[in-house]
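below are the sequence and a predicted model for it; my questions follow.
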Number of protein chains: 2
Amino acid sequence: MVVELISVGTEILLGNITNTNAQYLAEKCAALGLSCYHQVTVGDNEARLCAAVRTAIDRADVIILTGGLGPTEDDLTKETVAKVTGRRLIMDERSKERIRKFFEKIGRTDITENNWKQAMVPEGAIVVDNHNGTAPGLIVRIDEDENTKHILLMPGPPNELYPMFENDMMNYLQQISEKVLVSKTVKITGRGESWVETEIKDLIDTQTNPTIAPYAKTCEVHLRVTASADDKKTAEKMIRPVVKELKKRFGDDIYTTDEKVKLEDCLVSLLKERGWTITTAESCTGGLLAGRIVNVSGASEVLNSAVVTYADEAKHQLIGVSKKTLKEHGAVSKKTAKEMAKGAAKLAGAQVSVSVTGIAGPTGGTKEKPVGLVYIGCRVLDHTEVLECHFTGNREKIREQTVTRALDFARRCVMAYEV
Amino acid sequence: MVVELISVGTEILLGNITNTNAQYLAEKCAALGLSCYHQVTVGDNEARLCAAVRTAIDRADVIILTGGLGPTEDDLTKETVAKVTGRRLIMDERSKERIRKFFEKIGRTDITENNWKQAMVPEGAIVVDNHNGTAPGLIVRIDEDENTKHILLMPGPPNELYPMFENDMMNYLQQISEKVLVSKTVKITGRGESWVETEIKDLIDTQTNPTIAPYAKTCEVHLRVTASADDKKTAEKMIRPVVKELKKRFGDDIYTTDEKVKLEDCLVSLLKERGWTITTAESCTGGLLAGRIVNVSGASEVLNSAVVTYADEAKHQLIGVSKKTLKEHGAVSKKTAKEMAKGAAKLAGAQVSVSVTGIAGPTGGTKEKPVGLVYIGCRVLDHTEVLECHFTGNREKIREQTVTRALDFARRCVMAYEV
């Protein structure tokens, strides 16, 4: 089945916001086995929206529209779809009641008349409740040249769109597919995309079902394994040996096979299992590494404190890097990284300590120590290891790669100790 | 003039990457006074790309295509545009030489034959040098129903696209516009979008030229003032009184009128002017605030060290928050924020110190101290102030808003001291 995405919103056309919804839906649709050939963005303009919907009906089986479902005059996605499909709009009493309750819950009493516009739905549409906002989702089905076309309407705000898609719309799309598609994501770190692809070239070359699709992320490669079958159980059974084979080939380079688990979640889990705490001592990343760890809800169990030691003086005074080391080896050196990790562990009283020192640029590089040279130290109990990295890209990119590599390095060092 | 953006790339259709190029170009085009009614994404497929280009020629004056200019068989944007416009492809010797030199510079000797494909250009096209990659930019002009249509082709990688657009393509678009457009961005913090809009409602209601367009960002509102005139000087002159009026109305809420300056740049500049250093003590933001400051190249002049004190114990031991305060007022309190700022300043020996303590959620909130409650402390010399904030959104959003508000609070506190 072919899907087309239509994003509705003048704010996207003006470049006021990035269209992250399109990426989100595109990735989800690909995982469901739908083929997407066109993504289109139009503003809140009836004539152009009308034309876009008509074109999409001609060339796709499933049309997903996001945005333009709000209460104002500008919002006309629903009205336009009703017009194109020849439906009238009728009041959906259940949505009206839900909207009333929603306002009650958030303590709003100034419900203006135009809010009830959101409870109007095209006759015959399937109404999908919005648990995070007022505008309901809608599914309008039409028969066109003996084919059924499915038009899905969803609100634009991501915090309303994502749960609605995952809780309801995805099930609908699975139902109308002839086949059930099941995916599993195998997340790999510490390896480049081309290396990973080479390692599984034989699997990719001979694949039909399940399929393996690689996605390159910052210092990570995600392999999505997708099987298509008549029912979920069969698809899951088909995926299992492939994931097993990938685990055999990549071993500890795989940190999870759970789509929702991030690298920092994995690290925090490993620490919790061991009842350990972690600390960090950062130079060029300036706090971003600790920031990633603290982004895990419940990180308070494993991180008590961390330091940013940007200046040489701070490296010496706060975490006891020796002046001799700084003078003879420099701040960006294996030895400094090692001493930073040791000193930070002592200061925080943590079993695990990660240090980062490097040259993020754009200035500060030399021939011996070029921009992109980063040392990552990791101390577990009384053993410290240091990783030398050479990154490319601008200051922001180098810092981003450093943080991901540091999280992964810590994961591997911690994992080496049995629970 | 109407512009249409066509993004070419299967990786966008698969949701593998977010289409940030479209936002970048949309914002730039809006600033140039071009009207964008459609953004389209298609894959590397000749028939569909052909159709997209034909449709765009019908409904726009300027068509900007990005992506699909690489050396592989898959890349066919240039070939397709040549076909649609009835041009043959010819070798551009200057581009060939530039590509040869580019490979020489990055030390690559394995130039395969297909790389020279990148030097082939549609006959009659304007060739725009790519200083950051191999594929040149191209401008193809065609006459259609007595109108000239301008087709711009640019490489997809942002580090090639952005400089090419800003150095060359933007000039071209300015030249073909009947008018010169000049913009200035006035960046405001600490005020909501609706408040800002109300304050300038009279200006917006009566505006014709220059225009004022508000853009909402995280804890910031940017006002883009744009004037259209026959020449640059006249346009700049027209903008001046409007910016002056905005400065009068918003005063210190404006932190810059320079498009390129970020909030952290502004703070670092203020500190440099005073010869001061800054430090941070973070709880719920866990290092992200320090991370933003260190993202400014040259931040080493103003930040020596910073701490993350997530646990109560760390707040006490590292930066001397009294046990009594923690017990009686709790970790998330005005008093704790104040003592954190004081203790951190002492530890780092810094003139300025910013502390953050709050509840980022999703758990940990109570009726008295709900999720989103954040205290930001700022100490300058021996005076400490504390800001109480109530943010909404998920954990990530709350942390993001906290960091921006903290940077702004520090900016205001530092600014209160004359140089």
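Great, that's in hand. The structure displayed is predicted, hence computed values, not measured ones.

use CA for all of it now, contacts and neighbours both
OK.

the residue in the stretch 101-250 of chain A that chain B sits nearest to: what's it in contact with?
Per C-alpha to the nearest C-alpha, residue A:215 is where the stretch 101-250 of chain A lies closest to chain B, at 6.4 Å. Contact partners of residue A:215, counting by C-alpha atoms under 8 Å, 6 or more residues apart in numbering or on different chains, are A:193, A:221-224, B:16.

burial measure for residue A:108, as a count.
Neighbour count of residue A:108, defined by other C-alpha atoms under 10 Å in any protein chain shown: 11.

then it would be within a strand, right?
No. Using DSSP: H, G, I helix; E, B strand; the rest coil, the assignment for residue A:108 is coil, not a strand.

distance of it from residue A:99?
Residue A:108 sits 11 Å away from residue A:99, taking C-alpha to C-alpha, to the nearest Å as the criterion.

ditto for residue A:53
Taking C-alpha to C-alpha as the measure, residue A:53 falls 27 Å from residue A:99.

skipping its backbone neighbours, what lies nearest residue A:238 in space?
Leaving out its chain neighbours, the residue that sits closest to residue A:238 by C-alpha to C-alpha, 6 or more residues apart in numbering or on different chains is residue A:227, at 6.4 Å.

phi, psi of the nearest residue in space to residue A:232 that is not next to it in sequence?
In space, and not counting its chain neighbours, residue A:232 is closest to residue A:180: 6.0 Å by C-alpha to C-alpha, 6+ apart. Dihedral pair for residue A:180: phi -90, psi 130, per degrees, to the nearest 10.

can you list the residues of the stretch 201-350 of chain A near chain B?
Residues of the stretch 201-350 of chain A found near chain B (C-alpha under 8 Å from any C-alpha of the partner chain) are A:215-216, A:284-295, A:297, A:300, A:303-314, A:348.

do a quick rundown of the helices in the stretch 151-300 of chain A.
Ranges of helices in the stretch 151-300 of chain A, per DSSP state H, counting those that start in this stretch, are A:158-164, A:170-176, A:193-199, A:201-206, A:232-250, A:263-274, A:288-294.

and those, which is most packed in?
A comparison of these by mean neighbour count, using mean count of other C-alpha atoms under 10 Å in any protein chain shown, puts helix A:288-294 on top with a mean of 26.

show the subsequent helix or strand relative to that helix.
Note on helix A:288-294: by DSSP states H and E, the next helix or strand toward the C-terminus is strand A:305-309.

compute the inter-axis angle for that following strand and strand B:305-309.
Here the directions of strand A:305-309 and strand B:305-309 differ by 170 degrees (axes from the mean of the first three to the mean of the last three C-alpha atoms, to 10 degrees).

quickly run through the sheet partners of strand A:305-309, with directions.
Paired neighbours of strand A:305-309 in the sheet (DSSP bridges): strand A:278-282 (parallel), strand B:305-309 (antiparallel).

okay if I get the ones you listed as JSON lines plus mean neighbour count, mean pLDDT and distance to residue A:352?
Converted to JSON lines, the strands paired with strand A:305-309 look like this (neighbours: other C-alpha atoms under 10 Å in any protein chain shown; pLDDT from 0 to 100; distance: least, C-alpha to C-alpha, whole Å):
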{"stretch": "strand A:278-282", "mean neighbour count": "32", "mean pLDDT": "98", "distance to residue A:352": "5"}
{"stretch": "strand B:305-309", "mean neighbour count": "33", "mean pLDDT": "97", "distance to residue A:352": "16"}
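
dump those strands into TSV; add distance to residue B:127 as well.
Converted to TSV, the strands paired with strand A:305-309 look like this (distance: least, C-alpha to C-alpha, whole Å):
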stretch	distance to residue B:127
strand A:278-282	46
strand B:305-309	49
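
those strands: which one's closest to residue A:35?
strand A:278-282 (44.3 Å; C-alpha to C-alpha).

can you show me the CA trace of that closest one as CSV?
Provided in CSV are the C-alpha atoms of strand A:278-282 (Å, rounded to 0.1, in the frame of the first residue of the first chain):
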residue,chain,number,x,y,z
ILE,A,278,28.3,7.3,38.4
THR,A,279,29.9,10.7,38.2
THR,A,280,31.4,12.6,35.3
ALA,A,281,34.2,15.1,34.9
GLU,A,282,33.9,17.0,31.6
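
which residues are in contact with it?
Residues from elsewhere that reach strand A:278-282 (C-alpha under 8 Å, 6+ apart): A:271, A:289-290, A:302-310, A:340-341, A:344-345, A:348, A:350-357.

over to residue A:125: give its phi and psi.
Note on residue A:125: its backbone torsions stand at phi -80, psi 150 [degrees, to the nearest 10].

buried residues in the biggest helix by length in chain A?
If each helix of chain A is counted by residues according to DSSP state H, the longest one is helix A:395-415. Judged by neighbour count using 16 or more other C-alpha atoms under 10 Å in any protein chain shown, the buried positions of helix A:395-415 are A:395, A:398-414.

what do you get for stretch A:43-54?
Residues of stretch A:43-54 classed as buried: A:43-46, A:49-50, A:52-53 (neighbour count, 16+ other C-alpha under 10 Å).

between the residues you listed, which is closest to chain B?
Among the buried residues of stretch A:43-54, residue A:43 lies closest to chain B (C-alpha to the nearest C-alpha), at 6.4 Å.

dump the residue contacts of the closest one.
A:8-13, A:49, B:37-38.

of those residues - the most surrounded one?
Taking other C-alpha under 10 Å as the neighbour criterion, residue A:13 ranks highest of the contacts of residue A:43 with 29 neighbours.

give me the distance between that one and chain B.
Remark: distance between residue A:13 and chain B (C-alpha to the nearest C-alpha, to the nearest Å) = 6 Å.
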